[in-house]
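> no FASTA, just this:
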């Protein structure tokens, strides 16, 4: 296991503290895979999980953890997920793995959002990581034109279809000094399903795996 992977595992293990009872939300990605594997050890403490992707569902079920439909369980006490970038306000960029829409839904339905990541994901200003935008297929070119008007350089993530049957545009060169305003502006473009800015509903806690062990950050 390399250093970065070890840091991801640290953060994932530290998040187990928050998994107590009921049904919890589980995100998607390499850091979350560590969390799912760790969750298997204490699965008797929870009723099951709501998953944000088909990949996470398969991994959860492979460990014998029951996966619920969000519509059947209502509000969740906890959501654990990773991030592609996080700032000190715990606003995030997510969607590198293509599951941003379901991740945003599960985050919105959860009382507490614990983000887990390695220390490289913490940045002062979001935007070095290309911003994912999930779009309805027929709207791809229209949305791309609108993103250009906002100053972005969108690139179609070819060969990728989301679990919802949609496409992803990865956008560089956007000004993310005000993530809340930009999240609202992009979500208002006709044909956008959602944008991978998590600022209207940021994380409540960020557990960072570091060379000195896991560190828990609260919003600045």
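Arrived safely, thanks for sending. This structure is a prediction, so every number in the text was calculated from the model and none was measured. Numbers count the residues shown, from 1 in each chain.
> Verify the stated contact: residue 64 with residue 43.
Yes. Between residue 64 and residue 43 there is a contact under C-beta atoms under 8 Å: 6.6 Å. Where C-beta positions appear, they are placed from N, C-alpha and C, glycine not excepted.
> Show me which of those two is the more surrounded one.
residue 43 (17 against 8; other C-beta atoms under 10 Å).
> Surely residue 34 touches residue 9?
Yes. If you go by C-beta under 8 Å, residue 34 and residue 9 touch, sitting 4.6 Å apart.
> This protein - how does it break down into domains?
3-123+200-217, 131-196 (automatic domain parsing).
> Format those domains as CSV; extra columns: mean pLDDT.
Output for those, formatted as CSV (pLDDT from 0 to 100):
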stretch, mean pLDDT
domain 3-123+200-217, 96
domain 131-196, 98
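> Let me know which of those domains is tucked in deepest.
Among these, domain 3-123+200-217 has the highest mean neighbour count (mean count of other C-beta atoms under 10 Å), at a mean of 20.
> now do the same end-to-end measure for it.
21 Å (C-alpha to C-alpha, to the nearest Å).
> Give me the phi and psi angles of residue 149.
In terms of degrees, to the nearest 10, the main-chain angles of residue 149 are phi -60, psi -30.
> what's near enough to touch it?
By C-beta atoms under 8 Å, 6 or more residues apart in numbering, residue 149 lies in contact with nothing.
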